[in-house]
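In: Quick one: sequence and predicted model below, then my questions.
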Amino acid sequence: MITKEIDYLSLKQIAESGQCFRWRKLDDDKYMIPAFGRCLTISQSDNRFEMSCDEKEFEEIWSDYFDLHTDYGEIIGRIDSSDKFLKDAAEYGKGIRILNQELWETIISFIISQNNNIPRIKGSIEKLCSRYNVQSPYNEDTDICMIPHLSDIEAHGGRESLSDLGLGYRDEYIWLMCNYENEHNDFEEYMRSLDYEQSLKYLMSFKGVGKKVANCICLFGLHHLDACPIDVWIKKIIDDEYGGIMPAWMTDKYAGVYQQYTFFYKRRWQLCI
């Protein structure tokens, strides 16, 4: 167990920001987070965090996962002072960071996310993981399974087994993506060699991956902070807050961070009305 003091980090805000679907809430400000074959229990009190790992694992996995090498204070400080909506959104959601998530998990998660709500997305991902029961070599004492690959699916019924999970048309897209990844050993290495625009174009070449899903993968799986996924909430922001004109920050080098602030802010306030 280690303790860290970290500014600009709110577990609750990240958990509710729509970028990750596998965090388990254990208590107020306490979560279990599976990532990279590990499973972290983390709790927060103000800017103080207790984590169930040692210093070595923190430096190797979790420091990068929580994007602690990026200065979010500087990102907020760059906001145009005349943009009151973005400034208010950043102040409200300043605990949000863009996680450095596993690319494969992000791809599969956001394929599942299409035309879906967050509770259903979470449920579908857990059904997928439980069905193929891929155990972590590091956390054998937990019931959390990892995202399957083609070999895992083939070992438990193959293509037809996906149809039993209630994923609808998405199961075809998952199957095709699994086959492609299996045939290309350098899939992740190649993806990480591309810039944002190249990544976007490449991802959209896959069946079932449209521009919004591709942007989510770019932002949350490849950490292209200039990616700006546009969904119904962001379209509403453009219409309601900017008179139907896309604001300049949506093409900024930190567009994805600002997207998260505004998405979180608008969604929370709108749902409270």
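Out: Arrived safely.

In: close enough to count as contact, residue 178 and residue 150?
Out: Yes. Checked against C-beta atoms under 8 Å, the pair residue 178 and residue 150 is within contact range at 4.1 Å. Backbone N, C-alpha and C define where each C-beta goes, glycine included.

In: For these two, indicate the residue with more neighbours.
Out: residue 178 (22 against 17; other C-beta atoms under 10 Å).

In: Any buried residues in the host helix or strand of that one, and which?
Out: For residue 178, the host element (DSSP states H and E) is helix 170-183. Neighbour counts over helix 170-183 (16 or more other C-beta atoms under 10 Å) mark 170-175, 177-178, 181 as buried.

In: now swap in stretch 152-170 and tell me
Out: Applying 16+ other C-beta under 10 Å to stretch 152-170 flags 152-154, 161-162, 165, 167, 170 as buried.

In: what's the answer for stretch 208-221, then?
Out: The neighbour-count check on stretch 208-221 (16+ other C-beta under 10 Å) flags 208-209, 212-221 as buried.

In: Which ones among these map onto helices?
Out: Counted as lying in helices by DSSP state H, out of the buried residues of stretch 208-221, are 212-220.

In: if we can go back for a sec, which parts of the following helix or strand past the helix holding residue 178 count as buried, going by neighbours?
Out: Once helix 170-183 ends, the next helix or strand along the chain (criterion: DSSP H and E) is helix 187-192. Buried residues in helix 187-192, counted by 16+ other C-beta under 10 Å: 187-188, 191.

In: tell me which of the residues you listed is nearest to residue 71?
Out: residue 191 (25.8 Å; C-beta to C-beta).

In: And the closest one, how close does it get to residue 4?
Out: Per C-beta to C-beta, to the nearest Å, residue 191 is found 30 Å from residue 4.

In: now swap in residue 18 and tell me
Out: 25 Å.

In: still on that earlier bit, dump the buried residues of stretch 152-170 to a markdown table, plus pLDDT.
Out: A markdown table is the format used below for those (pLDDT from 0 to 100):
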| residue | pLDDT |
| --- | --- |
| 152 | 94 |
| 153 | 95 |
| 154 | 94 |
| 161 | 92 |
| 162 | 92 |
| 165 | 90 |
| 167 | 91 |
| 170 | 93 |
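
In: Could you find the two of these that are most distant from each other?
Out: Spanning the widest gap among these are 154 and 170, at 18.6 Å by C-beta to C-beta.

In: In three-state terms, how would the nearest residue to residue 26 once chain neighbours are set aside be classified?
Out: The spatial neighbour of residue 26 that comes closest, neighbours along the chain excluded (C-beta to C-beta, 6 or more residues apart in numbering), is residue 32 at 5.8 Å. Classification of residue 32 using DSSP: H, G, I helix; E, B strand; the rest coil returns strand.

In: quick one, helices of the stretch 101-250 of the chain?
Out: 103-112, 118-132, 150-154, 159-162, 170-183, 187-192, 196-203, 211-220, 232-242 (DSSP state H, counting those that start in this stretch).

In: Show me the one of those that comes nearest residue 91.
Out: helix 232-242 (15.1 Å).

In: Now for the nearest residue to residue 111 once chain neighbours are set aside: which residues touch it?
Out: Leaving aside its sequence neighbours, residue 111 sits nearest to residue 173 (C-beta to C-beta, 6+ apart; 5.0 Å). Listed by C-beta atoms under 8 Å, 6 or more residues apart in numbering, the contact partners of residue 173 are 111, 206-209.

In: Please report the residue range of the longest strand in this structure.
Out: strand 38-45 (DSSP state E).

In: ok, then the element right after it?
Out: Following strand 38-45 in sequence, per DSSP H and E, is strand 48-51.

In: still on that earlier bit, dump the ones in helices among the buried residues of stretch 208-221 to a markdown table, plus pLDDT and distance to residue 88.
Out: Converted to a markdown table, those look like this (pLDDT from 0 to 100; distance: C-beta to C-beta, whole Å):
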| residue | pLDDT | distance to residue 88 |
| --- | --- | --- |
| 212 | 95 | 25 |
| 213 | 96 | 29 |
| 214 | 97 | 29 |
| 215 | 97 | 24 |
| 216 | 97 | 24 |
| 217 | 97 | 29 |
| 218 | 97 | 26 |
| 219 | 97 | 22 |
| 220 | 97 | 24 |
